[in-house]
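K.L.:
Give me a model of this one.
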Amino acid sequence: MNATLCNPRPFAMIAMAIACVLVIAGSTDVRAATPAFVTRVTAAQTVTNVQISVVASAPVEYQFVNVRPNWIVLQIAPAELQIHAGTLPFARGVVKKIRVGQFTPQAVRLVVEMASPTPFRVIPLHDELALLVGVPGETGILPDAGRTLPDVAAVRGGHGGPAPSAAGTTPSRVPQASVQRVHAVLPGEGIGPVRLGMRIQEALAVLGPAKSTQVLPDGNMLYAWFVPPMNRGIGLRATPSGVVYRVWVLNDDQYAIADRIRIGNTETEARAALGAPSQVVADTSSGTKTLAYSSLGLWVGIQTDPRYTFYGRIFEFGVTKPEALAPEH
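P.N.:
Numbers count the residues shown, from 1 in each chain. The predicted model follows:
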């Protein structure tokens, strides 16, 4: 796997990770002068890591900026903020503060302040950029130091001029790796870190212990990471031999299909994005409607009970193998 790994000091490896994902669409010319628009920055904690998502409207490049040993500063360009600059309401574990701002007219800075310096690496993908902090088993430094720049704001007294090119600095892009965006719904493939066909032990290692488990009459197993009253999270089914064959997510509006349609959108918006479903199942007893897209390996749940938050909107995405029938979970 090609990656950038930075270990400022021989500190003990911390068992958490931050994934900073740039969701990129449009032209593949990353050197275009027209800046991309940063439209969303979110942070979430899983059992094993903290994950930050930065969504942009077009391809961008990044550079590290050397400010303080316990800060990770990512300069994203060309880019403009389309959200308010400031601090995210997130502080957990080693992460003390996450800030985003418009550093120059062409550059957005993401700053992750930590309690102490922590090893990290970057894995650029085809349409994503993953910043991993405290990666288990990674202790060395890969020969990629040309991507670390001095803090231009500090050098220039805080004026925030453009960063000079460091010797050997190159656009930070490497071949696609095996890291997936945390809240991606991939029809026919999986949701977030869970993939169809993976072993249940792998899913448990990523998601942590399930909130509940159940042996189904056919011998298959149901695992749920959500509980009443919110019922917000991931569920999956596995075969008796422990192979995941179905996964779904409920009531979490961070999950989306290619940033085109997400939990919280309307049925009309779902049909506009995905087309006509192959099957529609209305269940008056549960107050739900299911739009099945069998050829995609996808179902979309619409909440029809007015007592619940996503009434009249998408509350669920589910993934199976293509051509599978509508779910019964």
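K.L.:
Please parse this structure into its domains.
P.N.:
Taking automatic domain parsing as the reference, the chain has its domains at 4-155, 185-319.
K.L.:
weakest of those in terms of mean pLDDT?
P.N.:
Out of the domains of the chain, domain 4-155 stands lowest, with a mean of 66 (criterion: mean pLDDT).
K.L.:
Who does residue 38 form a beta bridge with?
P.N.:
Per DSSP bridges, the residues bridged to residue 38 are residue 56, residue 81.
K.L.:
List the residues that contact it.
P.N.:
54-57, 76, 79-83, 100, 108 (Cβ atoms under 8 Å, 6 or more residues apart in numbering). Using the backbone N, CA and C atoms, a C-beta is placed for each residue, glycine as well.
K.L.:
What remains of those if I keep only buried residues?
P.N.:
Buried by 16 or more other Cβ atoms under 10 Å: 54-57, 76, 79-81, 100, 108, out of the contacts of residue 38.
K.L.:
which one of those residues is nearest residue 286?
P.N.:
Comparing the buried ones among the contacts of residue 38 against residue 286 with Cβ to Cβ places residue 55 closest, at 32.5 Å.
K.L.:
Once you drop chain neighbours, what's closest to that closest one?
P.N.:
Excluding its sequence neighbours, the residue lying closest to residue 55 (Cβ to Cβ, 6 or more residues apart in numbering) is residue 40, at 4.1 Å.
K.L.:
Could you measure from the one you found over to residue 95?
P.N.:
Distance of residue 40 to residue 95, computed by Cβ to Cβ, to the nearest Å: 19 Å.
K.L.:
Could you do residue 305 as well?
P.N.:
Counting by Cβ to Cβ, the separation of residue 305 from residue 95 is 37 Å.
K.L.:
Just want to know which of those two has more residues nearby.
P.N.:
Each of residue 305 and residue 95 has its neighbours counted (other Cβ atoms under 10 Å); residue 95 has more, 22 against 13.
K.L.:
Could you check how far that one is from residue 230?
P.N.:
According to Cβ to Cβ, residue 95 stands 24 Å off from residue 230.
K.L.:
and if you look at residue 215?
P.N.:
Distance from residue 215 to residue 230, counting by Cβ to Cβ: 25 Å.
K.L.:
Same question for residue 107.
P.N.:
Applying Cβ to Cβ to residue 107 and residue 230 gives a distance of 38 Å.
K.L.:
Which one of the two is surrounded by more residues?
P.N.:
Comparing residue 107 with residue 230 by other Cβ under 10 Å, the one with more neighbours is residue 107, at 24 against 11.
K.L.:
Around the residue nearest to that one when sequence neighbours are not counted, how many other residues sit close by?
P.N.:
Leaving aside its chain neighbours, residue 107 sits nearest to residue 77 (4.1 Å; criterion: Cβ to Cβ, 6+ apart). Residue 77 is flanked by 21 other residues according to other Cβ under 10 Å.
K.L.:
what do you get for residue 41?
P.N.:
21.
K.L.:
name the element it belongs to?
P.N.:
For residue 41, the host element (DSSP states H and E) is strand 36-45.
K.L.:
Likewise for residue 74?
P.N.:
Secondary structure assignment for residue 74, by DSSP H and E: strand 71-77.
K.L.:
now the angle between strand 36-45 and that strand, please.
P.N.:
Strand 71-77 and strand 36-45 are oriented at 150 degrees to each other (axes from the mean of the first three to the mean of the last three Cα atoms, to 10 degrees).
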